[in-house]
Every structure is written in C-alpha cells, then in structure tokens.
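Participant: need a structure here:
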Amino acid sequence: MTLSHDVAGDGPTVVLLHSTVCDRRMWDPQVPALVEAGYRVVRADFRGFGDSPMPDGPSGDADDVVELMDSLGAEQVAMIAASGGGRVALEIAAGRPERVTSLALLCTAWWEQERSADLRAFGAREDALLEAGDVDAATELNVEMWVGPAADQATRDKVREMQRRAFEVQLAAAEEFPQLATEPDVGAITARTLLVSGAHDVIDFHEVAVALAKRIPGARHVELDWAGHLPSLERPEAVNPLLIDFLRTA
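Facilitator: Below is the predicted model of the structure:
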C-alpha cells in the first residue's frame, strides 16, 4: 500500500514524518518555507493516521516510507521527523544509511528509552479513557500533554483535530495487526544529524536527545527554552530558519 502523501516543489527531496499525535498536516507551516528554499517536499500519513487507512496485515512504517521514496524516485533524501515519526526516521537512517543524507529530529522517540513515570501515567490514563469510550477526553488529554505554552489557540485546535482523526481511524479498525520494526544500531547512521528538544516537553525526550547525541557520530543537540513537544507547530517562525539552515549546511 502506498501511504497517502503529497509532494510540493522541486530540488533535493526532503521527507517529513509526523508525530503520532498528529498527521501530515502538522507540517503545513513548514512546506511553503521549504519549497521556497529550493526543496522538493514529501509528506505522508502513516497507516492509521490522516488519510492512510489501518493496515490489513502486519506492516512496518519504515518499510512503507522507503516504498514511497522508491515510488517517487527518491534514492537519497533528507528527513525531518517529529516524535514517533523520529523513531521511524532513525530506523531508516540506521538500517539504510545510504538513503538518508541529513536527519533533523524534533523531540524524537527512540526504542531504547525506558518510559518515565509521567509518560507511563499518561499512557495508563489515555488507555482508561479510550476503554471507557470517552474519545473526547482522551483527545483533550493529548492536547494538554503535548502542546507547549508557546502555541496559540489555532494550533491547539489543529492538534485536537489531528489527534481525534487518528483515534477515529484506529478505533474503527476491525483488527489490530502488529508493527514490524527493526532496532538497528544508531551508531551506523552516516547522515548529518540535528536533535531538537523542548524545555517544556516531558523529560523523556530531552533524555533521548542527549543519549542520541552521544551515539550518532557528529550529531548536534539543540534545546529550545520555549518549546513543548511540537515546536514546529508551536513557533514555526523560529523553527523553519533552524531547519533550513541545517539542511543547507548539511
């Protein structure tokens, strides 16, 4: 299955991978800036998010993204990824290092990170609300957890809409199939790497950025003192120049 996606612009290809709180619409503030900077921008919805349906059998997000790259003739790409999308980008960049030339990870997740008490409590509360059928409350829980203080009301509403859509798609599935994922050594990554964390985010993601900066050769870590978990949505006017400068120097 080809992931639901869109392509804009011409030039070197940049693939945008969304947070699992959102879908590809989270990159609306970045696409015009990247196109203007001279890039071909590809963004896609993972299965079960946005316009991509749930899988009808075992599948892997990384394999889906690589299949999309192949279909678009994108042999080598830069990747910008957020949160859960960062974990997918790490899997691709570590397992297929020849395919990724540069890697910008915003508040990324990582398979080796043990969850903090705060993150475990959030997960338990979300599960309880969904089991009780209170999708509205589960959606609000995510908005409050993941949207930082710099975001305006329109941004909070957008995250609410994307998270609600994900719940609707996933809860409507007749059966849930396992994700097929590998956990390659991130030390194999050859892409120039930028790790971004937010001072107002859950501590897990700061710790992930610090750990990955030590493991990925030449990686650089930047913490944004104003940011929560979704800095590219919370203050795109600050994040876009950071990303474009990184891509150009990479």
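Participant: Quick one: residues in contact with the longest helix anywhere in the chain.
Facilitator: Using DSSP state H, we find that the single longest helix of the chain is helix 153-171. Outside of helix 153-171, the residues within contact range by C-beta atoms under 8 Å, 6 or more residues apart in numbering are 20-23, 25-26, 48-50, 53-54, 130, 135-136, 138-140, 142-143, 146-147, 151, 176, 230, 233-234. C-betas here are computed from N, CA, C, even on glycine.
Participant: Which ones among these map onto helices?
Facilitator: Using DSSP H, the contacts of helix 153-171 in helices are 130, 135-136, 138-140, 142-143, 146, 233-234.
Participant: Can you say which of those residues are buried?
Facilitator: 130, 138-140, 142-143, 146, 233-234 (16 or more other C-beta atoms under 10 Å).
Participant: burial count for Lys214?
Facilitator: 10 (other C-beta atoms under 10 Å).
Participant: quick one: buried residues of stretch 236-250?
Facilitator: Neighbour counts over stretch 236-250 (16+ other C-beta under 10 Å) mark 236, 239-240, 242-244, 246-247 as buried.
Participant: end-to-end on stretch 171-187?
Facilitator: 37 Å (C-alpha to C-alpha, to the nearest Å).
Participant: swap in stretch 212-232?
Facilitator: End to end - C-alpha to C-alpha - stretch 212-232 spans 20 Å.
Participant: out of the ones in helices among the contacts of helix 153-171, who's nearest Met79?
Facilitator: Nearest to Met79 among the ones in helices among the contacts of helix 153-171 is Leu233, at 17.9 Å by C-beta to C-beta.
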